[in-house]
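> structural data only, the sequence is not supplied:
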C-alpha cells in the first residue's frame, strides 16, 4: 500500500501539480493563503482536506460494519472502492477534459481512505500515505536497537527498523514508477495501480462470497 500511495502521490503531481497523500503541506498552505487574504483559496484547500477526512471516515465505517458481520472483506472493500474511483477517473478523462480541482479532491479522498485502512489493519502502528511518521519511527527503533541491553528487545527493534525501511523503499519505488508512467501516459498511467488494488481486494471479496454460498447450501439441505 505504500507503493500505491507513492505511485498516486508522485505520479499525480504530473496531473495536477500537487502532492495529495499528506495533509501537512495543504494545511500550511491554508495558513499562508489566509494570512495574505486569499480566503477562497484557503476554503478550496480545506475542502481537499475534508475529502481526505471523508475517505478516512468511510473506511472506518466499512471496516466496523464488516467486523460486525464477521466478513473477510473488511479491508477489501476500501481497496475495491479506491480501484473503482481511479478507474472512473480514467474513463471520464477519456471522454471529456477534467480540471485539476476534482482530480485533487479524488486523490485526497482515496489517500484518506487508504491511510485509514492501513491504520485500522495495523492498529495504528503503520501508516502508508506519508513518510514523516515512518521516518521518525525508523529513527526511534534504530536508536532503541543501538542501546537496548536485552537481545530480545534489540531484535524486536531491528525488526521494526526493517519494516519501516521497507515501507519507505516501497513508497519511493511506487513514486518513481508512478511519476514515469503518468508523466508519459497521463491518467492512463494509473491503470497498473488500479489492477494492483483489484488484485489485493478480490481474495477477501471471494472469501465472503464463498462463505455465503456454503451457508446457502447448508440451509438448502436442512429444508
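Yep, it's here. These numbers come from a predicted model, not from an experiment.
> quick one, helices of this structure?
2-16, 24-35, 39-68, 76-95, 100-121, 132-147, 151-185, 191-222 (DSSP state H).
> which one of those is the most hemmed in?
When neighbours are counted by mean count of other CB atoms under 10 Å, the highest per-stretch mean among these falls to helix 2-16, a mean of 24. (Glycine included, C-beta is placed from N, CA and C.)
> excluding sequence neighbours, find me the nearest residue to residue 98.
When the adjacent residues along the chain are set aside, residue 98 lies closest to residue 92, with 6.0 Å between them (CB to CB, 6 or more residues apart in numbering).
> revised request: answer the last question for residue 19.
Setting aside the residues directly before and after it, residue 19 is nearest to residue 9 in space (CB to CB, 6+ apart), at 5.3 Å.
> so who does that neighbour touch?
When contacts are counted by CB atoms under 8 Å, 6 or more residues apart in numbering, residue 9 touches 19-22, 107, 111, 129, 175, 178.
> please tell me how far it sits from residue 168.
13 Å (CB to CB, to the nearest Å).
> which one of the helices of the chain has the lowest average pLDDT?
Averaging pLDDT over each of the helices of the chain singles out helix 191-222 as the lowest, with a mean of 80.
> surely residue 42 is in contact with residue 33?
Yes. Using CB atoms under 8 Å, residue 42 makes contact with residue 33 at a distance of 4.5 Å.
> identify the residues contacting the residue nearest the centre of the chain.
The structure's the chain has its C-alpha centroid closest to residue 114; by CA atoms, centre = their mean the separation is 2.8 Å. Residues counted as contacts of residue 114 (CB under 8 Å, 6+ apart) are 1, 4-5, 55, 59, 78-79, 82, 128-129.
> which one of the residues you listed sits closest to residue 201?
residue 79 (3.9 Å; CB to CB).
> ok, the residue nearest to the closest one when sequence neighbours are not counted - contacts?
Counting by CB to CB, 6+ apart, residue 79 lies nearest to residue 201, which is 3.9 Å off, once chain neighbours are set aside. The contact partners of residue 201, by CB under 8 Å, 6+ apart, come to 73, 76-77, 79-80, 83.
> with adjacent residues omitted, what lies nearest to residue 204?
Residue nearest to residue 204 in three dimensions, not counting chain neighbours: residue 76, with 3.2 Å by CB to CB, 6+ apart.
> on that earlier part again, gap between the residue nearest to residue 98 and residue 206?
Where residue 206 is concerned, residue 92 sits at a distance of 28 Å (CB to CB).
> next one: residue 188
From residue 188 over to residue 206 the distance is 28 Å, taken as CB to CB.
> repeat that for residue 4.
Distance of residue 4 to residue 206, given as CB to CB: 21 Å.
> quick one: residue 161 from residue 62, how far?
If you go by CB to CB, the gap between residue 161 and residue 62 works out to 32 Å.
> same question but for residue 68, I mixed them up
Counting by CB to CB, the gap between residue 68 and residue 62 amounts to 11 Å.
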